[in-house]
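1. Got a sequence here, can you build the structure:
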Amino acid sequence: MTLDLNGLARRVAEELARADQKSHARDGAAGSPPTSVLPSEARAPAPAGVSYVRDQARIADFIDHTLLKAEATRSEVEKLCAEARDQRFAAVCVNPVWVELCRHRLKGSQVKVATVIGFPLGASQSETKAAEASLAVRQGADEVDMVAAIGHIKSGDWGHVAADISAVVREAAGRVVKVIIESAALSPVEIIKACALARESGAQYVKTSTGFHSAGGASAEAVALMRLSVGDALGVKASGGVRDCETALKMIAAGATRIGTSSGVAMAQCLGRGPLPLGELLSGPGRHASQCATGVCSTGDKAAQSY
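-> Have a look, this model is predicted:
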């Protein structure tokens, strides 16, 4: 691995400092609108398999409709697929044991089947993760969300982290690979380096969280740092604790191109099925209630599930 991780971390830190200075300057200028760190022209990176233009995207286009609890039943997974088909979500995200069922239930739709690898700890041997990915692809997975070797990230063993990701990318055989880095458990420098390795190892996305770690889930700050680290080259998925429209919009404004949540149906009911005025919504996520198609947001009852 010839990538200069320390040099990259320094460059990203310098860019963050410049962005912070610009932000303070904007805050001091009357009437200056907030800005977004979405990729240029608000397009998702091509490898992510999604393309949309500002003010033409639906909230459903961002959603990985997620059910990862251990006690999920067959009927619950079938309901998940029916909801995803109805709402035309980007994907469902389920444990590997349900991949074949989801492939069958979503046949003929554009909804992708995503599954998790090395979940939720990331502490499996690389060979085990690779075998999981290979089986998932054979059973019909379009996307695999792998948990990086978090302990090795914390140990600074970047060679192992890179080899671990590469093993899954290789066995994914061209399918989309999202690398979960558990951002809440990492320092900013570790986030930057992990994102750089994911990019160099051939992944298509970096992802904030499993949603199961005691340190917490996604934050807009982590998403912005991840977006800055990967530029427009990769997608960024925010997951873990994204339970309402305001939080989801903040993640998108920070640079997320996918949202992993079990609350996608509630979000779609709130914001509607059609294209969103993203420029308006992302400039003030907390003011989105006026766009709510159901009136739920204006009452404060978001009816959201936990991830």
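
2. what helix or strand is C93 on?
-> strand 91-94 (DSSP states H and E).

3. Equivalent analysis for A9, please.
-> In this assignment (DSSP H and E), A9 forms part of helix 5-27.

4. following that helix, which helix or strand comes up?
-> strand 63-67.

5. what's the model's confidence in stretch 196-212, averaged?
-> Rounded to a whole number, the mean pLDDT of stretch 196-212 is 97.

6. Pull out the buried positions in it.
-> By neighbour count on 16 or more other C-beta atoms under 10 Å, the buried set for stretch 196-212 is 196-201, 203-211. (Glycine included, C-beta is placed from N, CA and C.)

7. Need the CA coordinates for that stretch. CSV is fine.
-> Presented in CSV, the C-alpha positions along stretch 196-212 are these (Å, rounded to 0.1, in the frame of the first residue of the first chain):
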residue,chain,number,x,y,z
ALA,A,196,-8.8,6.5,2.2
LEU,A,197,-8.1,2.8,2.5
ALA,A,198,-11.7,1.9,1.6
ARG,A,199,-11.3,4.0,-1.6
GLU,A,200,-7.9,2.5,-2.5
SER,A,201,-9.1,-1.0,-1.8
GLY,A,202,-11.9,-0.8,-4.4
ALA,A,203,-15.0,-0.2,-2.3
GLN,A,204,-17.8,2.0,-3.6
TYR,A,205,-19.1,3.4,-0.3
VAL,A,206,-17.9,4.3,3.2
LYS,A,207,-20.6,3.9,5.9
THR,A,208,-20.7,5.5,9.3
SER,A,209,-22.0,2.8,11.6
THR,A,210,-23.5,-0.6,12.3
GLY,A,211,-26.1,0.9,14.6
PHE,A,212,-25.1,-1.6,17.3
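
8. Skipping adjacent residues, who's closest to V169 in space?
-> Nearest residue to V169, sequence neighbours excluded (C-beta to C-beta, 6 or more residues apart in numbering): G202, at 4.2 Å.

9. is it fair to say that neighbour lies in a strand?
-> No - G202: not assigned to a strand; according to DSSP: H, G, I helix; E, B strand; the rest coil it is coil.

10. pLDDT below threshold where in this structure?
-> Residues of the chain meeting the criterion pLDDT under 70: 1-2, 13, 16-17, 19-55, 289-291, 295-296, 298-307.

11. Quick one: residues contacting the residue most central in space within it.
-> The residue lying closest to the centre of the chain (C-alpha atoms, centre = their mean) is K237, at 1.2 Å. Applying C-beta atoms under 8 Å, 6 or more residues apart in numbering, we find K237 in contact with D64, D145, K178, Y205, V206, K207, T208, A256, T257, R258, I259, G260.

12. L234 touches G202, doesn't it?
-> No - here L234 does not reach G202: they are 10.3 Å apart, not a contact under C-beta atoms under 8 Å.

13. Show me which residues of stretch 62-72 are buried.
-> Across stretch 62-72, burial judged by 16+ other C-beta under 10 Å covers F62, I63, D64, H65, T66, L67, L68.

14. Would you state the helices of the chain in chain order?
-> Using DSSP state H, the helices of the chain run over residues 5-27, 74-87, 99-105, 126-138, 150-155, 158-172, 188-200, 220-230, 245-254, 264-271, 278-283, 296-299.

15. So what touches the strand holding C93?
-> 63-68, 72, 77, 80-81, 84, 102, 106, 111-116, 142-143, 145, 258, 260.

16. same thing but at 7 Å, please
-> 64-68, 77, 80-81, 84, 102, 111-115, 143, 145, 260 (C-beta atoms under 7 Å, 6 or more residues apart in numbering).

17. Nearest to E182, out of the helices of the chain?
-> With C-beta to C-beta as the measure, helix 150-155 is the member of the helices of the chain nearest E182 (5.1 Å).

18. other SSEs contacting that closest one?
-> Helices and strands touching helix 150-155, by 3 or more C-beta pairs under 7 Å, 6 or more residues apart in numbering; DSSP states H and E, are helix 158-172.

19. Verify the stated contact: D61 with F89.
-> No - at 8.1 Å, D61 does not count as touching F89 under the criterion of C-beta atoms under 7 Å.

20. out of the two, which sits in the more crowded spot?
-> It is F89, of D61 and F89, that has more neighbours when counted by other C-beta atoms under 10 Å, with 30 against 19.

21. Figure out the length between the terminal residues of stretch 249-261.
-> 13 Å (C-alpha to C-alpha, to the nearest Å).

22. So which bits of it are buried?
-> 249-261.

23. how about these in TSV, adding distance to T294?
-> As requested, the buried residues of stretch 249-261 are exported to TSV (distance: C-beta to C-beta, whole Å):
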residue	distance to T294
L249	16
K250	20
M251	21
I252	20
A253	22
A254	25
G255	28
A256	23
T257	25
R258	23
I259	19
G260	22
T261	17
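
24. and the buried residues of stretch 196-212, which two are the farthest apart?
-> Longest distance between any two of those is 26.0 Å, between E200 and G211; criterion C-beta to C-beta.

25. Thanks again, I'm all set now.
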